[in-house]
Each structure stands twice: as C-alpha cells, then as structure tokens.
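**Student:** Here is a sequence with its predicted model. Questions after.
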Amino acid sequence: MILEMRLISLFLSRKRLYYFFGGGIEIVKEQNILTKLAQIGNRLDPTGAISFPVYHSSTFAHPELGKSTGYDYSRSANPTRKVLEDSLAALEGGCKGFAFSSGLAAITTILSLFKSGDHFIVTEDLYGGTYRLFQQVFNEFGIEATFVDTTRPDQIEASICPNTKAVFCETPSNPLMKVADIRQICRLAQSHHLLTIVDNTFLSPYLQRPLQLGADIVVHSASKFIGGHNDVIAGLVAAREEHLAERLGFLQNALGAVLGPQDSWLLIRGLKTLGLRLECQQSNALRIAHWLENHPLVDQVFYPGLSAHPGYDLQLSQSSGFGAILSFSLKDHCSIPDILQKFKVISFAESLGGVESLITYPYIQTHADIPEEVRKRLGLNEYLLRISVGIEDCNDLIDDLNQALTF
Ligand SMILES: *Cc1c(COP(=O)(O)O)cnc(C)c1O
C-alpha cells in the first residue's frame with residue numbers, strides 16, 4: 001500500500017489529485033483556480049444561498065449547556081468570516097486562514113507570536129507601515145529588526161544572530177519591485193530554524209503561493225488586490241502548519257483585531273473576480289511598462305515583467321505572473337507636483353490593487369517613515385512614482401500618462 005502510494009504520488013501534478021477509495025483509485029481533477037474563486041461561499045449555507053450571507057450577529061445561542069453550534073461570539077468565530085478564512089487557506093495551500101481588520105492588524109498579530117529579545121531579518125524596501133510597526137512599535141517591546149536586501153541570500157545569512165527567529169520578506173518589494181527567491185530564503189531559514197513570513201500583497205494567491213514554496217506564514221493586505229475595489233480595509237493570514245495556526249488562532253481571538261462580517265463579505269465578493277481582474281491589470285501594466293521605457297522623460301522603469309528586469313526569470317520560476325504594480329523614475333528636471341496634478345484618469349492616491357488605476361509618490365506618501373538616508377540609498381527618491389494599474393482601457397491609461405508627461 002505504501003509503495004503504491006509512493007508510485008501514485010509520482011503522478012501527482014498540479015492539475016490532478018489521486019485519492020484512494022477502498023483500494024481502488026478514483027481520479028479527481030483539481031479545479032482550476034478561476035473555478036475555485038468564482039465558487040467561494042456557494043453550497044455552504046443551509047438555505048442554498050449562492051452568495052454566502054452576511055451573518056450580522058455578535059453572539060450565538062447555545063443548544064444546551066456545554067454545547068455550541070461552532071459559533072459562540074463573533075470575535076472568536078463568525079460564519080461569514082469563516083468562509084473567507086477557509087477560502088484563503090485553500091487558495092494559499094495553508095492549513096488555516098485568519099481575517100483581520102487591516103493588513104497591519106494582521107502583521108501585528110503575527111509579530112505577537114514573538115517575544116522580547118527576538119530578532120527579525122526584514123526586506124529593506126518594504127511597505128512603509130510595516131517598517132514603522134517594527135521600528136516604532138515592536139522595537140519598544142524589545143523585538144529587533146535588521147533590514148537587508150532580501151534578494152541577496154548572503155545579506156540574509158550575514159545578519160543571522162543567535163536570537164534571530166524569522167525572516168519577513170516582501171516580494172516583489174515595495175516600491176522598487178525587486179524579486180527575492182522565496183524557495184532559497186525558506187531553505188536558508190529552515191537550516192537556521194527560523195520562520196519565513198512572506199507578505200504576498202502585491203501578487204495575491206492567484207499569481208504566487210509562498211506556502212507552497214516553503215514559507216511558514218503568508219500575509220496580505222486584503223485592502224489591495226483581494227478586495228480589489230478600493231472599498232475595504234482588511235488583512236488576511238494563512239499558516240502552513242497546525243502548530244503555528246493554533247497559536248495564530250489564539251492570538252486572533254486574544255488580541256481581537258478581527259474583520260467584521262460585512263467586510264468579510266466584501267472580500268468574498270472581491271475574490272470571485274480576482275483572476276479576471278489580475279489578468280487584465282497585469283496585461284495593462286506590461287503595456288504601460290513598455291510605453292514608459294520609451295518615454296524621453298523616464299529614467300528607469302521597475303517592473304519584473306520586463307525581460308531586462310534582473311528578477312524576470314526568478315519571478316517566472318516562482319509565480320505565474322508579474323502583477324500590476326510598477327514604479328518609474330523621472331529625469332531630475334521634472335516637476336513631480338506639476339505632473340501629479342495633471343492626471344485625469346489615473347488618481348493621485350495611496351493604495352494599490354483596485355480596479356481604478358492609482359499613482360503614488362512613495363517618497364512623501366507610503367514610505368515617508370523610512371529614514372532619508374535609507375530611502376536615498378535604495379533609490380527611493382523624489383523622482384520615483386508608483387502606479388497601480390487598474391482595469392480601465394489601456395489606451396485611455398496611456399493617453400492619460402502621455403498628456404501628464406507632456407510639457
Ligand atoms: C497596504 C499594505 C500593507 C498594510 O495593509 P493595510 O490594510 O493598509 O493595513 C502591508 N503590506 C503591503 C505590501 C501593503 O501594500
């Protein structure tokens with residue numbers, strides 16, 4: 001039987017799963033991710049509701065003393081939130097999912113797995129709010145962080161101390177779109193008994209699944225691609241193994257930064273079209289990246305989907321796409337404030353991942369909390385802009401960029 005299982009496992013592919021039933025083999029084809037996404041919440045409610053209902057109830061009656069329906073109080077568990085959490089776990093290939101009131105609430109809960117004296121190795125050009133959380137909040141509780149270029153395993157290895165407990169990485173990085181090798185980081189971390197935590201906000205489980213590449217915890221700002229409509233603030237986490245999931249579940253309830261049922265429903269609704277949105281957004285992004293590359297005012301374009309990008313091959317080896325975020329730097333005589341005023345389709349706003357295209361000025365917006373000398377060294381300077389490409393017609397987006405960059 002064991003030998004048979006081994007032989008069968010040789011035939012395991014991404015598309016097919018083999019199950020044993022009473023000695024026979026039944027072949028069950030795993031559903032495509034587009035099918036899984038569209039079907040989230042369906043066939044789960046006893047009423048037959050196709051759209052899983054919003055359970056606006058803070059508390060649930062006990063059938064009798066010592067018995068529970070599985071739901072007691074909505075901080076601990078809520079049916080709508082559970083559909084979302086289970087879906088994320090299934091999409092990421094984790095054992096359990098958790099929904100929080102924001103991406104930073106999710107990261108706060110993850111950092112609460114650790115204690116005073118613990119040390120982290122963190123991607124240096126990461127989301128500014130995560131940087132602030134490490135440096136201005138958890139630092140006060142004795143959790144230290146060293147910020148390195150996580151595309152360089154030698155820099156990670158050189159930063160490992162006796163009290164290092166985890167590597168926290170964002171790939172592609174924010175806003176410079178550097179691609180880190182998730183498999184290699186996980187191998188390195190495992191060999192030093194460190195956890196690997198990946199912020200997967202920029203690609204979503206539709207394009208990249210870090211847990212399947214060896215990471216222990218994956219976290220999302222679901223305010224971005226997963227919600228997808230610039231209408232909700234939320235965070236999601238999935239853990240690969242039960243012991244971490246158990247502790248995260250305890251902390252989710254103990255700290256209490258949970259996502260409400262209405263916002264959970266908005267994410268379920270958003271997830272249904274995640275694949276369609278990302279396919280459209282990343283094809284627009286690639287066209288815009290090529291267009292920017294040829295623009296006389298543009299100095300550099302940072303998008304891993306450009307074949308000249310140093311992370312292009314690596315990105316293809318660990319993800320199924322390049323995403324819809326790109327950054328570009330302008331030549332140093334350009335006036336960014338004037339340019340930002342001229343956009344008519346693309347909005348000058350923080351955030352990313354929604355159907356509406358947004359342009360951000362990381363130097364003064366998302367990354368203002370990173371010290372000046374660090375921003376300068378990274379190339380995160382006053383000439384850098386980041387676009388989150390939406391689902392609008394690409395010609396309209398290029399026309400808008402063209403008029404904004406014409407003097
Ligand atoms: C936005 C963002 C966060 C923070 O999420 P919130 O939902 O705004 O709290 C964390 N990581 C990345 C990569 C982000 O883009």
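**Tutor:** Yes, it's here. Residues are numbered from 1 along each chain as shown.
**Student:** just for this protein, where's the confidence low?
**Tutor:** Applying pLDDT under 70 to the chain flags residues 1-26.
**Student:** Find the residue at the geometric middle of it.
**Tutor:** The centroid of the chain falls nearest to Thr201 when counting by CA atoms, centre = their mean (1.9 Å).
**Student:** So Ala145 sits against His119, correct?
**Tutor:** Yes. Using CB atoms under 8 Å, Ala145 makes contact with His119 at a distance of 7.3 Å. Every C-beta, even on glycine, is put in place using the N, C-alpha and C of the backbone.
**Student:** on that earlier part again, what sits closest to the residue nearest to the centre of the chain if chain neighbours are left out?
**Tutor:** The shortest distance from Thr201 to any non-neighbouring residue, by CB to CB, 6 or more residues apart in numbering, is to Ser221 (4.6 Å).
**Student:** Can you tell me how far that neighbour is from His56?
**Tutor:** 24 Å (CB to CB, to the nearest Å).
**Student:** Those two: which has the busier surroundings?
**Tutor:** Ser221 (29 against 12; other CB atoms under 10 Å).
**Student:** List the backbone torsions phi and psi for the more buried one.
**Tutor:** phi -80, psi 110 (degrees, to the nearest 10).
**Student:** wait, what's in contact with Leu271?
**Tutor:** Leu37, Ile40, Leu84, Ser87, Leu91, Ile226 (CB atoms under 8 Å, 6 or more residues apart in numbering).
**Student:** Ignore what I typed, I meant Pro310.
**Tutor:** Applying CB under 8 Å, 6+ apart to Pro310 gives the contacts Lys178, Val179.
**Student:** Need the phi and psi values for it.
**Tutor:** The phi/psi pair for Pro310 (degrees, to the nearest 10) reads phi -60, psi -20.
**Student:** likewise Val301?
**Tutor:** Main-chain torsions, Val301, degrees, to the nearest 10: phi -120, psi 130.
**Student:** Quick check: it touching Asn294?
**Tutor:** No. Contact criterion CB under 8 Å: Val301 and Asn294 do not qualify, at 9.5 Å.
**Student:** Point out the residues in the stretch 201-350 of the chain that sit beside the ligand.
**Tutor:** Residues of the stretch 201-350 of the chain lying close to the ligand (CB under 6 Å from any ligand atom) are Thr201, Ser221, Ser223, Lys224, Ile233, Gly235.
**Student:** what do you get if the cut-off is 8 Å, keeping everything else the same?
**Tutor:** Thr201, Phe202, Val219, His220, Ser221, Ala222, Ser223, Lys224, Ile233, Ala234, Gly235 (CB under 8 Å from any ligand atom).
**Student:** for the last one, what are its contacts?
**Tutor:** Put plainly, it is Gly235. The neighbourhood of Gly235, defined by CB under 8 Å, 6+ apart, consists of 99-107, 219-223, 259.
**Student:** Sitting in helices, which of those do you find?
**Tutor:** If you go by DSSP state H, the contacts of Gly235 have Gly103, Leu104, Ala105, Ala106, Ile107 in helices.
**Student:** correct me, but the second one touches Phe134?
**Tutor:** Which is Leu104. No. Using CB under 8 Å, Leu104 is not in contact with Phe134, being 11.1 Å away.
**Student:** Is Glu293 in contact with Leu306, as I believe?
**Tutor:** Yes. Between Glu293 and Leu306 there is a contact under CB under 8 Å: 6.9 Å.
**Student:** Look at these two and report which has more neighbours.
**Tutor:** Neighbours per residue, other CB under 10 Å: of Glu293 and Leu306, the larger number sits with Leu306, 18 against 14.
**Student:** Once you drop chain neighbours, what's closest to the closest residue to the ligand within the stretch 301-407 of the chain?
**Tutor:** Relative to the ligand, the nearest point of the stretch 301-407 of the chain is Leu352 (6.1 Å; CB to the nearest ligand atom). Of all residues not flanking Leu352 in the chain, Ser388 sits nearest, at 3.4 Å (CB to CB, 6+ apart).
**Student:** and the one you found, what does it touch?
**Tutor:** Counting by CB under 8 Å, 6+ apart, Ser388 has contacts Lys224, Ala324, Ile325, Ser351, Leu352, Gly353, Gly354, Ser357, Leu358, Ile359, Thr360.
**Student:** go with 6 Å
**Tutor:** Taking CB atoms under 6 Å, 6 or more residues apart in numbering, we find Ser388 in contact with Ile325, Leu352, Leu358.
**Student:** I'd like to know the beta-bridge partner residues of it.
**Tutor:** With beta bridges defined as DSSP bridges, Ser388 has these partners: Ile325, Leu358.
**Student:** which of the contacts of Leu271 sit farthest apart?
**Tutor:** Leu37 and Leu84 (12.4 Å; CB to CB).
**Student:** which of those two has more neighbours?
**Tutor:** Taking neighbours as other CB under 10 Å, Leu37 and Leu84 compare with Leu84 leading, 30 against 20.
**Student:** residues near Glu140, how many?
**Tutor:** 9.
**Student:** same check, this time on Lys29
**Tutor:** 8.
**Student:** Please name the residues that touch whichever residue of the chain sits closest to the ligand.
**Tutor:** For the chain, the residue closest to the ligand is Gly103, as judged by CB to the nearest ligand atom, at 2.2 Å. Residues in contact with Gly103 (CB under 6 Å, 6+ apart) are Ser221, Gly235.
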